[in-house]
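Participant: pasting the sequence and the predicted coordinates here, then a few questions.
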Amino acid sequence: MSYDLLSGLLVVEVAQFGPDSLGGYLADLGARVIKVEPPEGGDPLRYSGPLGAGSAEGFSYMHLRWNRGKESVAIDLRDPAGIEDFRRIAARADVVVEGMRAGVLERLGAGYERLRRDNPKLVFCSISGMGRSGPYMKMASHGPSFDAFAGIGAPIGESISKYEGRQPAAIGMHAMGLHGALGVLAAVIRAQRTGEGALIEIAAAESSAHWLPDVLEPLLNRDRTHVRPGYLDALGRMRFWARMENYRARDGKLIYIQSLTDKSWRALLQAIERPDLQAIYDREPRDGMEDAEVARELAAVIATRDRAEWLERFAAVNAAAMPVNELAEVLDDPHFRARGNTYRTVLPDGQELELLSSPIRVEGQAFDSRLAPECGEDNASLAVEFGLETVGGALAT
């Protein structure tokens, strides 16, 4: 049985690129998500990025992730008749997602105020790069640019232009959908309780800016922010940094040791059979270089055994440590595999793909999702269900 937490929730989505993830999270949890797309090619996310699944012309993996489990209908929202069709669907929806530059649907005659006339309980979520107000409201923005705005990333030079199998994390692009899903579901709960809808707004640039609480808040309070005594060493690093560091094992693989607490530190010393290292921290007077000395000793010890052996020893005494995996190693990691983090699906040409499932687990249910749709794949059935007048019966090609 696939996830059914949001069974019965109808979401209508007009979104492209990163905002697709909001509807994607809701679909993963069992909501019915109808993706409204322009007839001329639909959502560009389908073929975005350097990699195609199944062939060079295949779907992007972002499309396969963020648009899986959705239905697709092709409606020309520039056509007044198309707007009428959109309103017919929205009148029966619980949620409408506007995942483009803020205000697009309002300019087309299908903004929140217009839609709520027919559907007072409607939850309308505007999820965009820069939000519905402010001097940057109309500025074009994508992916890592949100982190650039927030001061937590610098998409310059080879960090973004040179593809080597991994890309910058792009915090805002991924956080926007999570923040949107949280806001939408909170509003849906209230709407079910009171009959009152809501206008929810998410700006990806603000999702980036709000991501790290220890960064911007201290700058807002410069005169009221103080460094804790003894917290930083002579090099300006956090005290006990040696107990939270990467160390290379004999086989060349990295281990991240995170023995910040005294309990975990004592367990680590037991596992490596070096209780004497505590004396480095205990000696007087302290010169602030204790962690540098501990790090040198730990590096020498960890280099004497392979990573797997160390991890087994650490687990036996409850010492906090984790393998530092390369991307390919993640897929072979025994813990990752044992927890069912992937599922299999079939492309239209019959090729089988293995994709990542949802990190949200539902007891008694198994993650399963339909393949992300072609543009207009559900035209015929949705035209009949909602009485759409501008949608043809033939599937998009």
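Facilitator: Looks like it came in fine. Computed from a predicted model, the values in this text were never measured in an experiment.

Participant: quick one: secondary structure of the residue nearest in space to the middle of the chain?
Facilitator: Nearest residue to the geometric centre of the chain (C-alpha atoms, centre = their mean): His174, 3.6 Å. Three-state assignment for His174 (DSSP: H, G, I helix; E, B strand; the rest coil): helix.

Participant: go on, the one 4 residues further on?
Facilitator: Reduced to three states with three-state DSSP, the structure at Leu178 is helix.

Participant: list the contacts for Ala175?
Facilitator: Ala204, Ser207, Ser208, Trp211 (C-beta atoms under 8 Å, 6 or more residues apart in numbering). Heads up, the C-betas are built off the backbone N, CA and C, glycines and all.

Participant: how many residues are close by the second one?
Facilitator: So the one you mean is Ser207. Ser207: 24 surrounding residues under other C-beta atoms under 10 Å.

Participant: just for this protein, where's the confidence low?
Facilitator: Within the chain, the segments meeting pLDDT under 70 span 1, 154-168, 392-397.

Participant: tell me where it has strands.
Facilitator: 10-15, 32-37, 71-74, 95-99, 123-128, 198-203, 244-248, 254-258, 321-324, 342-346, 352-356 (DSSP state E).

Participant: quick one, what contacts Ala81?
Facilitator: Ala81 touches Glu389, Thr390, counting by C-beta under 8 Å, 6+ apart.

Participant: let's see it at 6 Å
Facilitator: The contact partners of Ala81, by C-beta atoms under 6 Å, 6 or more residues apart in numbering, come to Thr390.

Participant: state the distance from it to Gly103.
Facilitator: Distance of Ala81 to Gly103, given as C-beta to C-beta, to the nearest Å: 22 Å.

Participant: same check, this time on Lys138
Facilitator: Going from Lys138 to Gly103 by C-beta to C-beta gives 9 Å.

Participant: which one of those two has more residues nearby?
Facilitator: Ranked by neighbour count (other C-beta under 10 Å), Lys138 and Gly103 place Gly103 first, with 16 against 10.

Participant: would you map the helices across the stretch 251-397 of the chain?
Facilitator: 262-272, 278-282, 290-302, 307-317, 327-332, 334-338, 379-386 (DSSP state H, counting those that start in this stretch).

Participant: just to revisit the earlier point, among the contacts of Ala175, which one has the most neighbours?
Facilitator: Of all the contacts of Ala175, the highest neighbour tally under other C-beta under 10 Å goes to Ala204, namely 32 neighbours.

Participant: these two touch, right, Val324 and Ile257?
Facilitator: No - counting by C-beta atoms under 6 Å, no contact exists between Val324 and Ile257, whose distance comes to 10.1 Å.

Participant: show me which of those two is the more surrounded one.
Facilitator: Ile257 (23 against 14).

Participant: show me the contacts for that one.
Facilitator: Per C-beta under 6 Å, 6+ apart, neighbours of Ile257: Ala321.

Participant: quick check: bridge partners of it?
Facilitator: Ile257 has these beta-bridge partners by DSSP bridges: Glu245, Ala321.

Participant: ok, now how distant is it from Ala242?
Facilitator: For Ile257, the distance to Ala242 - C-beta to C-beta - is 9 Å.
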